[in-house]
Each structure stands twice: as structure tokens, then as C-alpha cells.
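> Take a look and give me a structure for this.
(one chain, ligands or ions: 2)
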Amino acid sequence: MIRNEGVRVKVPASTANLGPGFDTLGMALTLYAWIEMKPAEATVFHLHGENLDGLPTDKSNLLYKVAQSVFDEAGVSLPELEITMYSDIPLTRGLGSSASAIVGALYAANLLIGSPLSLGRLFNMATALEHHPDNVGASLYGGIITAVWDGAHAEALRIEPPEQLDVLVAIPDFQLSTSKAREVLPKQIGMSDAVYNISRASLLTAALTMGRLDLIKDAMRDRLHQPYRASLVPGMGRILEEATEHGALGTALSGAGPTLLALVDRTDNQGEELRSFLLGVLGNEGITARTLWLKPCTHGVTELTIIKGSSLLDMIKGEVKA
Ligand SMILES: Nc1ncnc2c1ncn2[C@@H]1O[C@H](COP(=O)(O)OP(=O)(O)OP(=O)(O)O)[C@@H](O)[C@H]1O
Ligand SMILES: N[C@@H](CCO)C(=O)O
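Ligands and ions are numbered 1, 2, ... in the order given. Sure, this is the predicted structure:
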């Protein structure tokens, strides 16, 4: 059943590699992208907002290719689409823009043909495309995600985020592609670093599940990727070492960076000191950045009801954006 009137979805951004959980622990964030998809006579794109500047507006666009992979998987032919997107998620900054685009397009395309594919199947397809189950799992299911991927099959469990948890992100004014940030990683690591991370990833998962925010400081530390990526984000080393003295529960490089993320308990913290610390350290390195206060997003990608006569942009203007 093809829904000729089209479909609209809202998909959250995500942070991956939460602390020691490299390629494993992710969290959805209250920062969003919106996608509308309709069958059309000829393929056309409407990309709105500065975050989508420069992306292709033809069939080479990721959204189009992802939608076609859903139709192929379901045995449906729908070669021409009208795709509209608006995004508040900055591109190539470590906030999962590619994962949210993939998850949003998979979910919208599946809705458009009557939802023949299960969420689990969409999760597998998304992971095969993105290779990082923590990013796509968070955008798909919401909350905190612990995920594994063996190259063919992805599994994830969702953890409800502790209510008092807030997230402060400092987003530098430069882009850092995931592929470039992966090039600096070693091919092999030593047993002591493996144990260092596995123990902390386990502790962090349990601490977040049980609301033990006091354990985050020790549990957030990492030796698998952050030390190697420190030179790509000047100031990061100091932020990771010292932010807990300025009100953070713990800090991490968000995804492949360059965004830095701090978990915060706002019930006993006003946050301004931490914000100034992050901006000050980056500023000393000559890096301009902006900060956003976010929350963990408790829901994943969702369908929005289309009100006749109201465009996607009208609908977004009516929402309070993060
Ligand atoms: N809406 C979109 N439409 C088409 N392509 C997109 C869209 N969003 C992201 N992309 C593609 O994904 C690339 C960014 O992916 P990359 O993995 O490097 O960064 P990220 O997903 O923003 O951050 P991270 O994966 O570290 O969290 C963009 O350069 C672009 O090619
Ligand atoms: N886990 C990936 C993040 C991609 O979003 C990396 O750090 O390379």
C-alpha cells in the first residue's frame, strides 16, 4: 500500500562512543531533523536550513539512496520521490547527522509503502549503511543504546536515561569527518587498554541504568580513541581531564568529534561555570565554538501527522525547537 499523500518524520540527533563505549554506547539528543517523503512524477529535493547547505539535490543524495534500499528490500518500485528536509543537526561535527539522515530516510520510506519492514530490520539496514550501531540505534529507538554489530547482524538494548541528566555540547566551528577521525586510530591495542575500557563501559552502562550519576566521572574515561584524536581537537585533552572540576559529571568526545559533550546533573548545578570553561579552553586554542544545552531524547524517530494545507516548515515553526 503506497501512501500517496506522503509521510513526515522527526528524528533525533545522537552522540556515539559515550565515554569508553567506542562504537557501542550511544544516546539520542533533543536536537532534530525533519523529513517529508512523497511519491512524485520526477525526483525533487527541498533542503532547508544552513546545516544542509551543499548536499546534493539529485538521486546521489543519501536520503534518496537509503529510501531506494528500503523499496528494494521490500520488493516495491518507487523510483521518483519528492523529499523535503529541515535539520537543526550540524553536519560532520560528531552529533550523528549521517545516522539521523539514514534512520529518518529508512523510517519514512518504510512508512510510505505501508511499513512492511520491522524496526529490527531497519536497524540492521541502518547499521550496514552507517557501520556504527550506537548512532543509528539511538536515532531509531531513542534513549541510551548499548549495541553490537558483527558486520552482518546488529543487536541493541535501550536504557531509559536518568531523569536529572542534562547534556552540554560545545560544537567547534570546524568539521571533522568520521573517516578522517578514524584514520588516526591504531589498528591494534594492548590488553591493558582493552581491560581499561571494557571495565568502564560495563560500569557506565550499569551506572546509567541504576541512576548512579556519582560513578560517571570514573566510568566515562576512555583509552581506545580519545587519546589518539586529541590532536584533532586542540583543548580536548584539558577538557576531558578538568571539566569535572567545573561541574561536569563526565565528558567525552561526541562521536568522531569535534563536538565535546559533558553530562551534567542540573539539579545541583547551574552550568554557567562549565559552559565558560569549555568555551574558554577552546578559545585559548583559537577555536570558536557554540554551546547547546540538550537533554537525552527519550524517543527515537517518530511519524508526524500531516495536517492538510500545512507544509513541513509550517509544522516545524509550530514546534519549540531545541
Ligand atoms: N541530510 C543529509 N543528506 C545527505 N547526506 C547527509 C545528510 N546528513 C549527513 N549527510 C552525509 O553525512 C556526512 C557526515 O557524516 P559523518 O559521519 O562524517 O559525521 P556526523 O554523522 O555528523 O558525525 P558523527 O558520525 O561523528 O556523529 C556529510 O558530510 C554528508 O555527506
Ligand atoms: N564510532 C564512530 C563515530 C561515528 O559517529 C567513530 O568514533 O569513529
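
> what does the stretch 201-322 of the chain have sitting close to ligand 1?
Within the stretch 201-322 of the chain, the residues that sit near ligand 1 (Cβ under 6 Å from any ligand atom) are 255-256. Quick note: C-beta positions are derived from backbone N, CA and C, even for glycine.

> Kindly report the domain assignment for the chain.
For the chain, automatic domain parsing gives the domain ranges 7-159+298-317, 165-294.

> where does A170 land in three-state SS?
Classification of A170 using DSSP: H, G, I helix; E, B strand; the rest coil returns strand.

> Check whether stretch 96-108 comes near ligand 1.
Yes - residues of stretch 96-108 are located near ligand 1 by Cβ under 6 Å from any ligand atom, namely 96-99, 101.

> sorry, back to before: burial-wise, tell me which of the domains of the chain comes out on top.
domain 7-159+298-317 (a mean of 20; mean count of other Cβ atoms under 10 Å).

> Next, the distance between the ends of that one.
Taking Cα to Cα, to the nearest Å, the first and last residues of domain 7-159+298-317 lie 18 Å apart.

> same thing with stretch 71-88?
27 Å.

> Who are the packing partners of the host helix or strand of S192?
S192 is located in helix 191-210, with elements delineated by DSSP states H and E. Packing partners of helix 191-210 (3 or more Cβ pairs under 8 Å, 6 or more residues apart in numbering; DSSP states H and E): strand 25-39, strand 154-159, helix 216-219.

> Export those to TSV and append columns for distance to L279 and mean pLDDT.
Below are those laid out as TSV (distance: least, Cβ to Cβ, whole Å; pLDDT from 0 to 100):
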stretch	distance to L279	mean pLDDT
strand 25-39	19	98
strand 154-159	30	97
helix 216-219	21	96
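
> Of these, which is nearest ligand 2?
Nearest of the helices and strands packed on helix 191-210 to ligand 2, taken as Cβ to the nearest ligand atom: strand 25-39 at 8.5 Å.

> residue of the protein with the smallest distance to ligand 1?
Taking Cβ to the nearest ligand atom, the chain has G255 as its residue nearest ligand 1, at 2.8 Å.

> and that residue, what does it touch?
When contacts are counted by Cβ atoms under 8 Å, 6 or more residues apart in numbering, G255 touches 14-17, 94-96, 132, 135, 178.

> Inside helices: which ones of the residues you listed?
Applying DSSP state H to those, the entries found in helices are 135, 178.

> Show me which residues of the stretch 51-200 of the chain sit near ligand 2.
Checking the stretch 51-200 of the chain against ligand 2 by Cβ under 6 Å from any ligand atom, the hits are 132, 135, 178, 181-182.

> Could you dump those residues into TSV and include pLDDT and distance to M1?
Converted to TSV, these look like this (pLDDT from 0 to 100; distance: Cβ to Cβ, whole Å):
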residue	pLDDT	distance to M1
H132	90	32
N135	96	31
T178	91	37
A181	96	42
R182	95	41
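
> List just the nearest of these to E36.
Lowest distance from E36 to those (Cβ to Cβ) belongs to N135, with 22.5 Å.

> gap between the closest one and L91?
Plainly put, N135 is 14 Å away from L91 if you go by Cβ to Cβ, to the nearest Å.

> rewinding a little: residues contacting the helix holding S192, please?
By Cβ under 8 Å, 6+ apart, the list of residues contacting helix 191-210 reads 18-22, 24-25, 144, 146, 159, 161-162, 212-213, 215-216, 218-224.

> Stretch 112-131 now?
Here stretch 112-131 has contacts from 1-3, 6-7, 37-39, 66-67, 69-71, 73-74, 76, 78, 98-99, 102-103, 106-107, 110, 133, 136-137, 139-141, 147, 149, 153-154, 156, using Cβ under 8 Å, 6+ apart.

> where exactly do the strands run in the stretch 151-300 of the chain?
Using DSSP state E, counting those that start in this stretch, the strands assigned to the stretch 151-300 of the chain run over residues 154-159, 165-172, 250-253, 260-265, 289-294.

> Distance to N197 added to those strands, as TSV?
Below are the strands of the stretch 151-300 of the chain laid out as TSV (distance: least, Cβ to Cβ, whole Å):
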stretch	distance to N197
strand 154-159	18
strand 165-172	21
strand 250-253	12
strand 260-265	17
strand 289-294	25
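
> how much space between L168 and ligand 2?
Separation of L168 from ligand 2 (Cβ to the nearest ligand atom, to the nearest Å) stands at 19 Å.
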